[in-house]
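Q: turn this into a model:
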Amino acid sequence: MQQAKASGLSVSAIAIRRHIGTLMLTLAVIVMGVFYVTSLPVDLLPSITYPRIGVRLNAPGISPEVAIDEITRPLEEALSATEGVVQVYSQTREGRVSLDLYFQPGGNIDQALNDATAALNRGRGQLPTTVEEPRLFKVDPSQLPVYEIALTSPDLEGVDLRVFADEELARELTVVPGVASVDVAGGVEEEIQVNIDLDRLQALGVGLTAVLNEIEARNQDISGGRIRGENGEPLTRAVGRFQSADEIRNLSFEVSESTEQTTENNSSLT
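A: Numbers count the residues shown, from 1 in each chain. Here you go, the predicted model:
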């Protein structure tokens, strides 16, 4: 009797006796499952707050060996004081320094970004004056490039190919629907190298700092203000930037009379 009573309360026995209700309940579960599966959103890169902050700094003209001592280590010491930081990972290349700050998952990454910015501002005075302004940002994999293109050309030189990518191709790709930004990297960038004869400068009594200051002072566009007229006030601008390498080659420097006489005497003696 006890065995028969126990078997009567089993799930299988109830399902067999109430087979119509069991079938309807099964169909309802299947329909609801199909409905929720088809409407369930799927995101390849879901919105997740990653406990990581990146710091990028451009240092043109500085070798990696010098950048490690003058830029990377001071930044590591300054950013290590950020509250909650677990690890600081740095990478130094020619002309660029990258640092990544890792925090404990689940923390307030916005507050960590503010603390890192304050720590960077405190250590900013230890960096060379030639470096550019550092950039701090929250690392998000969804911001990584989704498509990369490598360009080659049998007709264009390296410099011309880089100019084409910067001024033409990148501009056309930016206006494509769905494209947020286009970054151009690599290739050969156009540059002008100034080679200075140090012996000649020493003979003329002109210091290297004076040459650098003169180049910087001459290579500027200065606003001249407004010109008041009867029908308007047009803006004026003094164009002073170099347009070619010949303009840099033809720069002149003031030399004191005593230096000129000394140079003439040395020339007559030789």
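
Q: just for the stretch 1-150 of the chain, where's the confidence low?
A: Residues of the stretch 1-150 of the chain meeting the criterion pLDDT under 70: 1-9, 44-47, 142.

Q: from S98, how far off is the residue sitting nearest the centre point of the chain?
A: Compute the mean C-alpha point of the chain, and by CA atoms, centre = their mean the closest residue is R56, 5.5 Å away. Separation of R56 from S98 (CB to CB, to the nearest Å) stands at 6 Å. C-beta coordinates here come from the backbone N, C-alpha and C atoms, glycine included.

Q: what's around M32, how many residues?
A: By other CB atoms under 10 Å, 10 other residues sit near M32.

Q: please state the offset of the stretch of helix or strand it belongs to from the chain centre?
A: With elements taken from DSSP states H and E, the one containing M32 is helix 19-39. Chain-centre distance of helix 19-39: 52 Å, with CA atoms, centre = their mean, to the nearest Å.

Q: the helices in this structure, which residues?
A: 2-8, 11-17, 19-39, 64-67, 73-79, 109-123, 158-164, 170-174, 198-204, 208-218, 245-249, 257-269 (DSSP state H).

Q: columns distance to A180 on top of the ones you listed, output as a markdown table?
A: Formatted as a markdown table, the helices of the chain follow (distance: least, CB to CB, whole Å):
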| stretch | distance to A180 |
| --- | --- |
| helix 2-8 | 67 |
| helix 11-17 | 56 |
| helix 19-39 | 28 |
| helix 64-67 | 31 |
| helix 73-79 | 28 |
| helix 109-123 | 21 |
| helix 158-164 | 22 |
| helix 170-174 | 9 |
| helix 198-204 | 48 |
| helix 208-218 | 36 |
| helix 245-249 | 37 |
| helix 257-269 | 58 |
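
Q: and stretch 194-208, end to end?
A: Stretch 194-208 has an end-to-end distance of 12 Å (criterion: CA to CA, to the nearest Å).

Q: I'd like the average pLDDT over it.
A: Stretch 194-208 shows an average pLDDT of 82 in the prediction.

Q: pull out the buried positions in it.
A: Applying a neighbour-count criterion of 16 or more other CB atoms under 10 Å, one finds 204, 206 buried in stretch 194-208.

Q: give me the neighbour count for R52.
A: As a measure of burial, R52 has 19 neighbours, counting by other CB under 10 Å.

Q: quick check, it in contact with F103.
A: Yes: R52 lies in contact with F103 (CB atoms under 8 Å); the separation is 7.1 Å.

Q: between these two, what contacts are shared?
A: By CB atoms under 8 Å, 6 or more residues apart in numbering, R52 and F103 have no common neighbours.

Q: helices or strands up against the helix holding M32?
A: Helix 19-39 makes packing contacts with no helix or strand when contacts are defined by 3 or more CB pairs under 8 Å, 6 or more residues apart in numbering; DSSP states H and E.

Q: one step back: to P145, which of the helices of the chain lies closest?
A: Smallest distance to P145 across the helices of the chain (CB to CB): 11.6 Å, for helix 170-174.

Q: ok, how many other residues are close to D166?
A: 15.

Q: surely it meets V184?
A: Yes: judged on CB under 8 Å, D166 makes contact with V184 at a distance of 5.3 Å.

Q: gap between T92 and L136?
A: 17 Å.

Q: neighbour count winner among the two?
A: Neighbours per residue (other CB under 10 Å) separate T92 from L136, with T92 holding more: 22 against 17.

Q: which ones are touching the spatially closest residue to L156 that is not a sequence neighbour?
A: Of all residues not flanking L156 in the chain, F164 sits nearest, at 6.4 Å (CB to CB, 6 or more residues apart in numbering). By CB under 8 Å, 6+ apart, F164 lies in contact with 151, 153, 156.

Q: as JSON lines, the residues you listed with pLDDT, distance to Q143 and neighbour count would be great.
A: As requested, the contacts of F164 are exported to JSON lines (pLDDT from 0 to 100; distance: CB to CB, whole Å; neighbours: other CB atoms under 10 Å):
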{"residue": "L151", "pLDDT": "89", "distance to Q143": "23", "neighbour count": "13"}
{"residue": "S153", "pLDDT": "87", "distance to Q143": "30", "neighbour count": "10"}
{"residue": "L156", "pLDDT": "86", "distance to Q143": "31", "neighbour count": "14"}
